[in-house]
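Q: Test case, fold it:
(2 chains)
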There are 2 protein chains.
Amino acid sequence: MFKSVVMRTSCFSFVLCFMLFSRNSSAQESVQLPIMPLPAAAIPGTGSLLVNHGLKVVFEGYTEPRLDRAQTRFLDILSRETGILKVPTEPSKAGKFVIKTAGPSAPVQQLGEDESYHLEVTATGVLLSAPNPLGVLHGLQTFLQLVHITPEGYSVAAVTIDDKPRFPWRGLMIDSGRHFMPLDVIRENLDGMEAVKMNVFHWHLSEDQGFRIESKTFPLLQEKGSDGLYYTQDQVRGILEYAHDRGIRVIPEFDMPGHATAWFVGYPDLASGSGPYQIERHWGVFDPAMDPTRESTYQFLDKFIGEMTALFPDAYFHIGGDECNGKEWDANPRIKEFMQGHHIKDDAGLQAYFTGRVQKLVTNHHKITVGWDEVLQPDTPRDVVIQSWRGQDSLAEAARRGYRGILSAGYYVDLNQSAADHYAVDPLVNGTATLSPEQEAHILGGEATMWTEYVTPETANGRIWPRTAVIAERLWSAQSVKDPSSMYQRLDTLSQKLAYYGLPFQSVSEQMLRRLSGYNDPGPLKVLASVVQPPRDYAREDLKSYDAFSPLNRLVDTVPPESEKAREFDELAARISAGKAAPGDWETAHRWLTLWRDNDAALQPSLEKSDLTAELVPVSRNLTHAATIGLLALDSLQKNQAISAEKQKQQLSELKELEKPEAILLDRIVPGVELLVHATKTQ
Amino acid sequence: MFKSVVMRTSCFSFVLCFMLFSRNSSAQESVQLPIMPLPAAAIPGTGSLLVNHGLKVVFEGYTEPRLDRAQTRFLDILSRETGILKVPTEPSKAGKFVIKTAGPSAPVQQLGEDESYHLEVTATGVLLSAPNPLGVLHGLQTFLQLVHITPEGYSVAAVTIDDKPRFPWRGLMIDSGRHFMPLDVIRENLDGMEAVKMNVFHWHLSEDQGFRIESKTFPLLQEKGSDGLYYTQDQVRGILEYAHDRGIRVIPEFDMPGHATAWFVGYPDLASGSGPYQIERHWGVFDPAMDPTRESTYQFLDKFIGEMTALFPDAYFHIGGDECNGKEWDANPRIKEFMQGHHIKDDAGLQAYFTGRVQKLVTNHHKITVGWDEVLQPDTPRDVVIQSWRGQDSLAEAARRGYRGILSAGYYVDLNQSAADHYAVDPLVNGTATLSPEQEAHILGGEATMWTEYVTPETANGRIWPRTAVIAERLWSAQSVKDPSSMYQRLDTLSQKLAYYGLPFQSVSEQMLRRLSGYNDPGPLKVLASVVQPPRDYAREDLKSYDAFSPLNRLVDTVPPESEKAREFDELAARISAGKAAPGDWETAHRWLTLWRDNDAALQPSLEKSDLTAELVPVSRNLTHAATIGLLALDSLQKNQAISAEKQKQQLSELKELEKPEAILLDRIVPGVELLVHATKTQ
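A: Model (predicted):
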């Protein structure tokens, strides 16, 4: 089923110089096509197509109902983007949009299917052609992103694009286990994935904190293990159809033998401990694990996997396998005895035995196993796909040994890293230097992963988007496409556009701010929110203890993982410090720092009125403190005045203190201010 | 079916003095309960109920599935409002919320059913009791609106409320004919109606521009008359269920004999002209009208009304009847002959004949007829309900003659009037002075009406809400509840809350602004948008010609019908002019006027880049002009300096010019500036 020839575009160096309006001025400057991911090849044409009067879509060649639905969706989004009415329209003035599809795609979408398309936009019309509907779906998204407002109205600059993906596996994983994610959230993310041409939705369906899908064979799984928060099989079929409509495969994950407490609430005999078990309410790695020594475990899993593989049509099936700490195994004499009897020397060996058995069950049900790094053991069958959370070295090692792999290390969007950080991670850079082309071809792509300890249905979209789009670009576009500045510019445009796809995460964030401010005008709170950021990686758990009952409605939950304003300030401070200030930089820096310095006076009085904002008192004060130092440094730099070395040392030491998180928030202007202070002359 | 005893609360003068945070400061001041509509009676208790850990809802007495769904919806909204997780929660810490329902409501909701409820909130729990589920639904909404952020977290101040509506008919009409409104929009408005306790959704389903519902008997109605934009009967049944769940009756309207062009595209024999007919693409009053002289017309309508009355369970059925200009009748010799033969002296008489015949058909199908003013003729049967678009006098006249009526004049939310204007219109004030109590009881309530010439699915919610809430209050709360200042304060809170009901009209407006500004930071455009307003009443059509194809994506479509900022500036200017400036007023006025004066410099350069914003060049310039005059006047007033009478005259004449709309937008700071200039001393 897997086509062994993995398509990958050759490095494409043609740089497109379209005229577009830049972000902060009305001056024109040349930038790349304003879309994400960038296509494999594009040649600008002459003139542009006006879409003010809508588009008349005509199908030629192969058609199917999915294409009709794609057309409806396409016109819906175009209409929302432009305010132009979908129907009725004046046919005589509408642009002609011809879609030529050569033939069908596989009934069940396959890994490695042809996803290419050819898109020609001229001043009079559009031709979109593709070997199959998958390419058509991608081409429609490209067109939507090309639509921009111009002096003549909404239009698309003429262009010819030939496009196909670099990697065949471009995924997003969502953890519905820790916090249940309602169907709406899943659908909204499938919409976002379609917009950026991702093609694998990896659905993490079971966890210590919840078993999230209806089993008809073992109903106690959801009845006892989900607090009533699970997807029925009918609902899952709805999602499968929704994803298929968007050219997205759906791969379910059932994590085992660890991360499985929720299974044991209804079926304690599956576990290695003595039970009874409760749904886990905390975050972390826990002891409960499946009992790999009893045949009844495999009989259960055989039936369960049979039921689930019948429901999910994709050829791949994910069995998890991560972070089993083995403590329940070690504590069970019967299991110890089994290990001795079978010459299994340690827990890793026992997990390998378990994985081997489960993998055979998956194979018997005609599916290919996917698992996290840990499933890779000396005798793992060659068709198992390794998903690497440990890193690129681990992925390269698997490839070297002949396994196919996908990268997730570096793509953990729950860890509040910057878009640039994710963007810099390439599945074929680092660790892969010594791979042969054949081994490289084993690396199928990657997956962004959204673990949900600190994410609710309300905040999920704002954590996943827009940063996931840069991972989508990394996996679709040529390796040479890697300029962060172009990326940020295009990401900004895409962020706005995603609102028209039903992903209005910016509005949700604004709503949450209003709520925090008690329905008042959140002005000063907004200023504070614009320059703070949650800390990266796993710092949150260390700063305050959380469990599954904790509301996630504080400022740290409201702000995006990456402060755009602070990033701009970083760049500004870097230019000024390096003596390369652009015209207006001094004035902008002064204006921003003054706003931040004075914000505390406006904000402080209202913070005490609720415990949700009371914790922000020091955060707000610290912003003023940092901005005050920043203004002093800016003044010295502008006047080219020296300050005493002692004074500088004192300021840097104060800034060091201000680097520490307060209320689980980082003051993100501190690094920029540090740059300014460092750049100050000392006597 | 109609209970003749119309409930009406006696004027309730108890003024509630809860301590709440005021809008612009952290100082405490006493205001009324922060909810809309205000309840009939409320007595404050001691302490408050914390809802930080959620609520445990317990049903006592009568239950039905609708109540379970209401509970789910209630917890959904509460969770969105607070960020508190719905389930699971810590049962030990959750507040207890007991719902006691005495018995069922009528299977098909009736006009005049008991909608009362009793709500007791204490520091430890809630008791909500009601005679039937309708009261429970209303009580849940009251509770949701009472939830506010406090220093202790989300909580509700203890209170005992006894509430019931003043009028039994509190409706919203949406015109799906001129612009088709998708099911989402209908559902969102039903959600909004539930929030403010409205109980009649009047669905205007046919117009010259579209026939919007599937008829199985006469399929050409939708096939030829809708551009494919119509509701299937299954979809309608879905809406009926959705409305019933929210305690809302649904009354369909089929407008006849005029406003019916779309019927004639498929069935030209219904019309009085010779045809063929096309779907009307312009706005206004048009000539086509049903032929009242042919028996085939009534045979058709009998079958059609039979089909529709079987679909819509409500006891009332709306036959329109407005604005038939009679021109097709006058032009048809056969009709003239018929009139002579039947001693019908004019078109009004012919329409009366038609209405009489149709009304009998409606009666034969066991429904009560509702119609616009025009259906009231000398021999109109006594059970017909008159919906008055002509005014309160017309309504009073109907009541005097023994007809029941509902008021819509003054509640046309499409006309861009202020919330205060709608709020001031009371069905029992003006024109009704001479009515006996019995005649007064014939006035059942009123309906907000949203006609959709200039409204798309995108903008509809922002035009209907939040102003419709003040009409809901007028119809629910005591007549004595009429202070505009309290109304605006509570409306502001409700506007924010409605976002959690899935009515994020503010966010939609922001999104449209971003789109207008070409995805850039819409800062200066936002400043302009905050102080302009579409002109009132029917000015738009006069200013620029529109048709059904016109995109509605300009600034005039983006801004709310009432500028909140300008309203605040009006009040500020009034205080300053009257010599009653509050502390800070001078400074605020100066800051705002300066912002507006300087805005053009920031905005102007970017306006030329699209035809959607190019029309704003004079609008932006005019704002600067008005603000410049305002600053001069403010300066003179503050320094108590006189200016020459000539100068003042010159400024007032310039301001007079600035009152005129540009790009269909009014500069709403002009009236405030005029106040300031008038207040200036002259030499």
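
Q: All the strands of the stretch 1-150 of chain A, residue numbers only.
A: In the stretch 1-150 of chain A, the segments counted as strands under DSSP state E, counting those that start in this stretch are A:18-21, A:28-31, A:41-50, A:55-61, A:95-101, A:117-121, A:125-130, A:148-150.

Q: export these to CSV and tack on distance to chain B?
A: From N, CA and C alone the C-beta is placed, and that goes for glycine too. What follows is those, written out as CSV (distance: least, CB to the nearest CB, whole Å):
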stretch, distance to chain B
strand A:18-21, 6
strand A:28-31, 10
strand A:41-50, 10
strand A:55-61, 13
strand A:95-101, 15
strand A:117-121, 19
strand A:125-130, 20
strand A:148-150, 4
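
Q: what about the ones you listed, which gets the closest to A:H590?
A: Proximity of those to A:H590 was assessed by CB to CB; the nearest stretch is strand A:28-31, lying at 24.8 Å.

Q: Reformat the strands of the stretch 1-150 of chain A as TSV; add mean pLDDT and mean neighbour count.
A: Output for the strands of the stretch 1-150 of chain A, formatted as TSV (pLDDT from 0 to 100; neighbours: other CB atoms under 10 Å in any protein chain shown):
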stretch	mean pLDDT	mean neighbour count
strand A:18-21	34	16
strand A:28-31	36	13
strand A:41-50	94	16
strand A:55-61	93	16
strand A:95-101	95	20
strand A:117-121	98	22
strand A:125-130	97	21
strand A:148-150	87	21
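
Q: okay, A:R514: pLDDT?
A: If you check A:R514, the pLDDT there is 86.

Q: just A:P605 next, same as before
A: 89.

Q: swap in A:Q479?
A: Turning to A:Q479, the model gives it a pLDDT of 95.

Q: just to revisit the earlier point, of all the strands of the stretch 1-150 of chain A, which one is nearest A:L572?
A: Per CB to CB, nearest to A:L572 of the strands of the stretch 1-150 of chain A: strand A:28-31, 18.0 Å.

Q: what comes up buried for stretch A:288-308?
A: Neighbour-count burial for stretch A:288-308 flags A:288-294, A:297-298, A:300-302, A:304-305, A:307-308 (criterion: 16 or more other CB atoms under 10 Å in any protein chain shown).

Q: For A:P168, state which of these is nearest.
A: Nearest to A:P168, judged by CB to CB, of those is A:M308 at 23.7 Å.

Q: residues contacting the closest one?
A: Residues in contact with A:M308, defined by CB atoms under 8 Å, 6 or more residues apart in numbering or on different chains, are A:I213, A:S215, A:P252, A:F254, A:F317.

Q: Just the buried residues out of those, in ChimeraX syntax.
A: Only the buried entries of the contacts of A:M308 go into this ChimeraX selection, using 16+ other CB under 10 Å:
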select /A:213,215,252,254,317
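
Q: What about the contacts of A:M308, which are in helices?
A: Secondary structure defined by DSSP state H assigns none of the contacts of A:M308 to helices.

Q: Which two of the contacts of A:M308 have the greatest separation?
A: Spanning the widest gap among these are A:S215 and A:F317, at 15.0 Å by CB to CB.

Q: if you skip the residues just before and after it, what's nearest to A:E447?
A: Distance criterion CB to CB, 6 or more residues apart in numbering or on different chains; nearest residue to A:E447, sequence neighbours excluded, is A:G171 at 3.6 Å.

Q: tell me which element that neighbour is part of?
A: strand A:169-175 (DSSP states H and E).

Q: what does that strand contact?
A: Residues lying outside strand A:169-175 but in contact with it, judged by CB under 8 Å, 6+ apart, are A:111, A:181, A:185-186, A:189, A:193, A:197-204, A:207, A:251, A:253, A:406, A:408, A:444-452, A:460, A:464, A:468, A:472, A:475-476.

Q: mind listing what it pairs with, with the direction of each?
A: strand A:200-204 (parallel), strand A:443-450 (parallel) (DSSP bridges).

Q: dump the residue contacts of the residue nearest to the spatial centre of chain A.
A: Per CA atoms, centre = their mean, the C-alpha nearest to the average position across chain A is that of A:T468, at 3.2 Å. With CB under 8 Å, 6+ apart as the criterion, the residues that contact A:T468 are A:L172, A:G192, A:V196, A:M198, A:V413, A:A448.

Q: so what's the closest residue to it other than its chain neighbours up against?
A: What sits nearest to A:T468 in space, not counting adjacent residues and going by CB to CB, 6+ apart, is A:A448, at 4.6 Å. Contacts here follow CB under 8 Å, 6+ apart; on that basis A:A448 touches A:171-173, A:408, A:411-413, A:422, A:464, A:467-468, A:471-472.

Q: Out of those residues, which sit inside strands?
A: Counting by DSSP state E, the members of the contacts of A:A448 that fall within strands are A:G171, A:L172, A:M173.

Q: Just the buried ones from the residues you listed?
A: When burial is judged by neighbour count using 16+ other CB under 10 Å, the buried members of the ones in strands among the contacts of A:A448 are A:G171, A:L172, A:M173.

Q: What residues does the stretch 151-300 of chain A have near chain B?
A: Those residues of the stretch 151-300 of chain A that sit near chain B, judged by CB under 8 Å from any CB of the partner chain, are A:P151, A:E152, A:G153, A:D227, A:G228, A:L229, A:I279.

Q: picking up where we left off before, got the contacts of A:M308 as TSV, with pLDDT columns?
A: Output for the contacts of A:M308, formatted as TSV (pLDDT from 0 to 100):
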residue	pLDDT
A:I213	98
A:S215	98
A:P252	98
A:F254	98
A:F317	98
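
Q: Chain B: which of the contacts of A:M308 is nearest?
A: Nearest to chain B among the contacts of A:M308: A:I213, at 17.4 Å, using CB to the nearest CB.

Q: For stretch A:507-523, buried residues please.
A: Buried residues in stretch A:507-523, counting neighbours by 16+ other CB under 10 Å, are found at A:507-520, A:522.

Q: Where do the domain boundaries of chain A fall?
A: A:9-163, A:169-492, A:507-679 (automatic domain parsing).

Q: Which stretch among those domains is buried most, on average?
A: Comparing those on average neighbours per residue, with mean count of other CB atoms under 10 Å in any protein chain shown, the densest one is domain A:169-492 at a mean of 20.
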